[in-house]
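Q: fold the following and give me the result.
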Amino acid sequence: MIRIGLAGCGRWGRLILRDLRALNCKVAVTVPSQEGQRAALAAGAERALGHIRELPECDAYVVAVPTVSHGEVVLELAARGRPVFCEKPLTADVASARRIVEAAGGRVFVMDKWRYHPGVHLLRDIARSQELGPVQGIHATRVQWGCPHDDVDPVWILMPHDLSIALEILGELPTPKLAKAESDAQGLTTLSAWLDGPVWMHCEIGVRSPRHRRVIELRCRDGVAVLGDAYDEHVAVLRTGERMAGQPAPEWERRPFAATMPLLDELASFVAHVAGTGPAPKSSAQEGLRIVETIARIRALAGLGGND
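A: Model prediction:
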């Protein structure tokens, strides 16, 4: 049985604990409050401790502490010489992300659950097969009402998802060219970013939309493929290559896929890697650094701080 040390057991960490237990792992948890420790034990943790330094030696570690603490916690756990799986983003500043890559890049991985989403895999397969012609761009919308995190602004919470999707589909990240931020008295509300390269990308993230939206559009020469929501079980495909004036628009095709749980799948990949029965998880520390660098550049273009 694989022994996992889980640093952090808050709103997201509890879901990680649930899935690690479903994978038959023994899990020791750190969470500061006694109430949180009792909740972790009730959810199946073998041990619940107050500080990371109290974690016993384990086969591997998972980091789900607040984003602002990722750099410090990952370096502390990576020093134990075991694999570390860190919730995205790797860090919220370029300098600490580089320190992680330099110190332990080969055994640190980033949890980018959208890279395990079957709908993203279908978009990737459509792109690689070129059944709709060459890919021209990716349009990503990720808006919601409010942000449950108060240690960093919503850019660091939301935008890593869409950049990791670009990595999964394209195998690379376009270069940031333009970004515009909107704010109100409570802080940043919306950020739009244009990235360019052989394939362009437009990302919009925001926290003042009453409607929770997660939309990924793959724009190709001869058509469009759309994943309309995280919980959709199909990709919609529209073939536009034979568009003629006066003719009705074609019908959307529904391309179904088998629904899975991306968080469970990425944790299963990590556990298999730790057990020596599977390859390394997607999103290496180096890829995590590239995402942090890209977000820092986008923030600089938008005139936002906290980049270095």
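Q: so where do the strands sit in the stretch 1-150 of the chain?
A: Along the stretch 1-150 of the chain, the segments classed as strands by DSSP state E, counting those that start in this stretch run 3-7, 26-30, 47-49, 60-63, 84-87, 108-111, 135-145.
Q: and what about the residue sitting furthest away from the middle of the chain, helix, strand or coil?
A: Distance from the centre of the chain peaks at residue 246, with 43.1 Å (Cα atoms, centre = their mean). Under DSSP: H, G, I helix; E, B strand; the rest coil, residue 246 falls in the coil class.
Q: coming back round to it: can you put the strands of the stretch 1-150 of the chain in TSV and add mean neighbour count?
A: For the C-beta atoms, the positions are set from N, CA and C on the backbone; glycine is no exception. Shown next, in TSV, are the strands of the stretch 1-150 of the chain (neighbours: other Cβ atoms under 10 Å):
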stretch	mean neighbour count
strand 3-7	25
strand 26-30	24
strand 47-49	19
strand 60-63	26
strand 84-87	26
strand 108-111	28
strand 135-145	19
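Q: any chance of CSV for those strands, columns mean pLDDT and distance to residue 277?
A: Shown next, in CSV, are the strands of the stretch 1-150 of the chain (pLDDT from 0 to 100; distance: least, Cβ to Cβ, whole Å):
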stretch, mean pLDDT, distance to residue 277
strand 3-7, 98, 16
strand 26-30, 98, 17
strand 47-49, 96, 25
strand 60-63, 98, 13
strand 84-87, 98, 16
strand 108-111, 98, 16
strand 135-145, 97, 33
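Q: with distance to residue 207 added, can I get those in a markdown table?
A: Shown next, in a markdown table, are the strands of the stretch 1-150 of the chain (distance: least, Cβ to Cβ, whole Å):
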| stretch | distance to residue 207 |
| --- | --- |
| strand 3-7 | 26 |
| strand 26-30 | 29 |
| strand 47-49 | 32 |
| strand 60-63 | 24 |
| strand 84-87 | 19 |
| strand 108-111 | 22 |
| strand 135-145 | 6 |
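Q: the ones you listed: which one's closest to residue 162?
A: strand 135-145 (4.0 Å; Cβ to Cβ).
Q: beyond the closest one, next helix or strand please.
A: Later in the chain than strand 135-145, the nearest helix or strand by DSSP states H and E is helix 154-170.
Q: between that following helix and strand 135-145, how many degrees?
A: If you take axes from the mean of the first three to the mean of the last three Cα atoms, to 10 degrees, helix 154-170 sits at 150 degrees to strand 135-145.
Q: now do helix 154-170: which elements does it pack against?
A: helix 118-129, strand 135-145, strand 187-196, strand 200-206, strand 208-220, helix 285-301 (3 or more Cβ pairs under 8 Å, 6 or more residues apart in numbering; DSSP states H and E).
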